[in-house]
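Q: mind folding the following:
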Amino acid sequence: MEKLITTEDRIFVAGHRGMAGSAICRALERAGYSRILTATREELDLLDTSPVERWFSKHKPTVVVLAAAKVGGIHANNTYPADFLLDNLRIQTNVIETAWRSGVRRLLFLGSSCIYPKFADQPIREEALLTGPLEPTNEWYAIAKIAGIKLCQALRLQHGFDAISLMPTNLYGPGDNYHPTNSHVLPALIRRFHEAAEAQLSTVTCWGTGTPLREFLHVDDLGEACVFALEHWNPAAGELTYLNVGTGLDQSIRELAEAVAQATGFTGEIAWDPTKPDGTPKKQLDVSRLNALGWQARIPLDQGLNSTVALFREQLQKELVRLN
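A: I've put the predicted structure just below:
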């Protein structure tokens, strides 16, 4: 089957320094795409419309992957709700609208599984979008991502703009943020258990009850999924323009903490603080649509977790890890 993008395409990956964006760049390079366009935050402020328009006019990308976003965990979302909403809306609108007006041929918008209702039926199908209330601890980010999905859909419906979206589950792997309060659950656990193991602590206390169920996808699997979708997925009229990306498997946060403890060599007790929020009780994606197209995740959690901990420690020694 003929691919929908070619090695002649100039592919702009917005957010190439982030965990997802860098994985997408690696996957594109592995697939033979060499005309990858990138811009650092210093070179291009995606929050400002005019520089974005000038950059597109100068570099003329033919394909765009929008992986840039303001991201963070429960604490960050609760503390900076306006920032999460405003910044993500501005980034999305600037890049997506400018791509359309500049004649970009194909665009992939990277969303998040937090777009789905807190109590959606499990596993979560794409049709669950906008069928119930969101999880309050990340609703600002989720609302921005929903707006991005709908903007892509609206431009496709009204103007025939070839914009598609992927909704990944919780990501982990190279390039993650290990900030003590603004990181997501898995990197936060890796840092906490690593430091506890190094200090030979007897106890590590984790947020919540440990009962919520979560699904985790290695970011290199996401990168491969993005390339696959760009090459092969062309929604017909009336079909959904966004698809879930994940493993289809989940485990409890308690099980995850125990796996991280083992991977980092922590042998003490794991305690739980039920006064801290748990977030959504269960979040497992139905990935049958993307699987039916011919893609599925390849990296098992235990393998990915061990390699991530090893990389974290290696980069920590070289002072290459984002800790603050």
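
Q: in the chain, where is pLDDT below threshold?
A: 73, 181-182, 322-324 (pLDDT under 70).

Q: which residues of it fall in strands?
A: Remark: strands assigned in the chain by DSSP state E are 11-14, 36-37, 63-66, 106-110, 163-168, 170-172, 203-207, 213-214, 216-218, 242-245, 251-252, 269-273, 282-283.

Q: contacting residues around stretch 170-190?
A: 17-20, 22-23, 71-73, 75-76, 113, 191, 206, 214-220, 222, 253, 256-257, 260, 263-264, 283, 304-305, 307-309, 311-312, 321-324 (CB atoms under 8 Å, 6 or more residues apart in numbering). Placement of C-beta: from N, CA and C, glycine included.

Q: now a PyMOL select for only the buried ones of those residues.
A: Burial among the contacts of stretch 170-190 is assessed by 16 or more other CB atoms under 10 Å; the matching PyMOL selection reads:
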select buried, resi 18+19+20+22+23+71+72+73+75+76+113+191+206+214+215+216+217+218+219+220+222+253+256+257+260+263+264+283+304+305+307+308+309+311+312+321
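
Q: quick one, helices of the chain?
A: Applying DSSP state H to the chain gives helices spanning 19-30, 49-59, 74-79, 81-101, 139-159, 185-199, 219-232, 253-264, 288-293, 301-317.

Q: how about those helices in CSV, adding distance to Arg10?
A: Shown next, in CSV, are those (distance: least, CB to CB, whole Å):
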stretch, distance to Arg10
helix 19-30, 12
helix 49-59, 7
helix 74-79, 34
helix 81-101, 12
helix 139-159, 20
helix 185-199, 33
helix 219-232, 13
helix 253-264, 40
helix 288-293, 25
helix 301-317, 30
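
Q: what's the neighbour count on Gln262?
A: By the measure other CB atoms under 10 Å, the count of residues near Gln262 is 15.

Q: roughly how far apart are it and Ile190?
A: Going from Gln262 to Ile190 by CB to CB, to the nearest Å gives 12 Å.

Q: what do you get for Leu108?
A: Computed with CB to CB, the distance linking Leu108 and Ile190 is 28 Å.

Q: what residues does stretch 229-241 touch?
A: 1, 3-5, 31, 63, 65, 106, 108, 126-127, 149, 152-153, 156, 162-166, 243, 289-290, 293-295.

Q: try 7 Å
A: The set of residues external to stretch 229-241 that reach it, using CB atoms under 7 Å, 6 or more residues apart in numbering, is 1, 3-5, 63, 106, 108, 126, 152-153, 156, 163-166, 293-294.

Q: ok, of those, which come out buried?
A: Buried members of those, counted by 16+ other CB under 10 Å: 4-5, 63, 106, 108, 126, 152-153, 156, 163-166.

Q: which one of those residues is nearest to Trp100?
A: Proximity of those to Trp100 (CB to CB) peaks at Ala163, which lies at 7.5 Å.

Q: can you pull the contacts of the closest one?
A: Listed by CB under 7 Å, 6+ apart, the contact set of Ala163 reads Ile96, Leu107, Phe109, Cys152, Leu155, Arg156, Thr241.
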